[in-house]
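Visitor: below: sequence and its predicted model.
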Amino acid sequence: MAKASDVKGGNVLRFNGELVTVEEFIHRTPGNLRAFYQARMRNVKTGKLVEYRFRTDEEVEIARVETNDYQYLYEDGDFFVVMDNETYEQFNIPKLLFGSTARFLKEGMNVIVAFESDEPIMAQAPQNVELEITYTEPAVKGDTSTNALKKATVETGVEINVPLFINQGDKVKVDTRTGDYIERVK
């Protein structure tokens with residue numbers, strides 16, 4: 001157990017039996033009242049936001065979280081199978097931990113997974129991925145006077161919007177958080 005004064009933003013706490021990540025942790029001393037810490041925390045499993053005031057001497061449980069790079073191997077039902085790059089040990093990570101970025105995962109890609117006592121609690125795909133265009137309509141010359149977009153399907157099966165000059169077989173860089181086209185890769 002630690003004191004509330006030891007907590008920093010980014011820590012993972014066990015709060016009311018749930019794991020929460022600390023997003024904001026501010027020390028307040030209002031007028032002639034006692035000092036306290038105002039915390040804004042996000043539940044790891046549900047994503048729900050929790051606000052709480054800690055007394056300065058209040059006991060809190062800081063969870064021990066191990067974050068590491070893993071290689072994504074394949075999809076297995078509701079799980080993604082990842083492998084530790086050093087020990088070659090394989091783990092099943094629930095798809096929902098990756099959120100909307102899961103649709104851009106490609107075999108062999110490096111991902112970040114956080115474990116709290118052998119239970120995966122957070123997973124993160126790379127911010128940008130390079131994917132090949134498997135299908136897109138050919139552009140017609142003189143079709144537009146502004147930067148217009150067309151639909152294209154990438155190798156993971158996701159449909160994204162790309163500029164008209166992108167052709168089938170081109171590699172493009174995609175932002176996994178938004179699904180937006182960034183640039184063409186040479």
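Guide: Sure, I can see it.
Visitor: tell me how far residue 138 lies from residue 69.
Guide: Per CB to CB, to the nearest Å, residue 138 is found 39 Å from residue 69. C-beta: built from backbone N, CA, C; applies to glycine.
Visitor: whoops, residue 15 was the one
Guide: From residue 15 across to residue 69, the span is 28 Å (CB to CB).
Visitor: and the two? Which one has more around it.
Guide: Set side by side, residue 15 and residue 69 show more neighbours around residue 15, with 18 against 12, by other CB atoms under 10 Å.
Visitor: my guess is residue 38 contacts residue 51. True?
Guide: Yes - assessed by CB atoms under 8 Å, residue 38 is found in contact with residue 51 at 7.4 Å.
Visitor: neighbour count: these two, which is higher?
Guide: residue 38 (13 against 10).
Visitor: against the centre of this structure, work out the most remote residue.
Guide: residue 32 (42.1 Å; CA atoms, centre = their mean).
Visitor: tell me what the worst-scoring helix or strand of the chain on mean pLDDT is packed against?
Guide: Every helix and strand of the chain was ranked by mean pLDDT, DSSP states H and E. The lowest is strand 119-124, at a mean of 88. If you count contacts as 3 or more CB pairs under 8 Å, 6 or more residues apart in numbering; DSSP states H and E, strand 119-124 packs onto strand 90-94, strand 110-116.
Visitor: and those, which is most packed in?
Guide: strand 110-116 (a mean of 17; mean count of other CB atoms under 10 Å).
Visitor: what angle do that one and strand 90-94 make?
Guide: 80 degrees (axes from the mean of the first three to the mean of the last three CA atoms, to 10 degrees).
Visitor: pull the residues that contact strand 110-116.
Guide: By CB atoms under 8 Å, 6 or more residues apart in numbering, the surrounding residues in contact with strand 110-116 are 12, 19, 63-72, 82, 85, 91, 93, 97-98, 105, 120-126.
Visitor: ok, 6 Å please
Guide: The contact list for strand 110-116, computed with CB atoms under 6 Å, 6 or more residues apart in numbering, reads 63, 65-67, 69-72, 93, 120-125.
Visitor: quick one: that strand to chain centroid distance?
Guide: Strand 110-116 sits 10 Å away from the centroid of its parent chain (CA atoms, centre = their mean, to the nearest Å).
Visitor: what's the closest non-adjacent residue to the most centrally placed residue in the chain?
Guide: By CA atoms, centre = their mean, the chain has its centre lying nearest to residue 124, at 3.6 Å. Spatial nearest neighbour of residue 124, chain neighbours left out: residue 112 (4.4 Å); criterion: CB to CB, 6 or more residues apart in numbering.
Visitor: surely residue 90 and residue 83 touch.
Guide: Yes - applying CB atoms under 6 Å, one finds residue 90 in contact with residue 83, separated by 5.0 Å.
Visitor: okay, residue 141: pLDDT?
Guide: Confidence at residue 141, expressed as pLDDT, is 67.
Visitor: scratch that, residue 94 is what I was asking about
Guide: 91.
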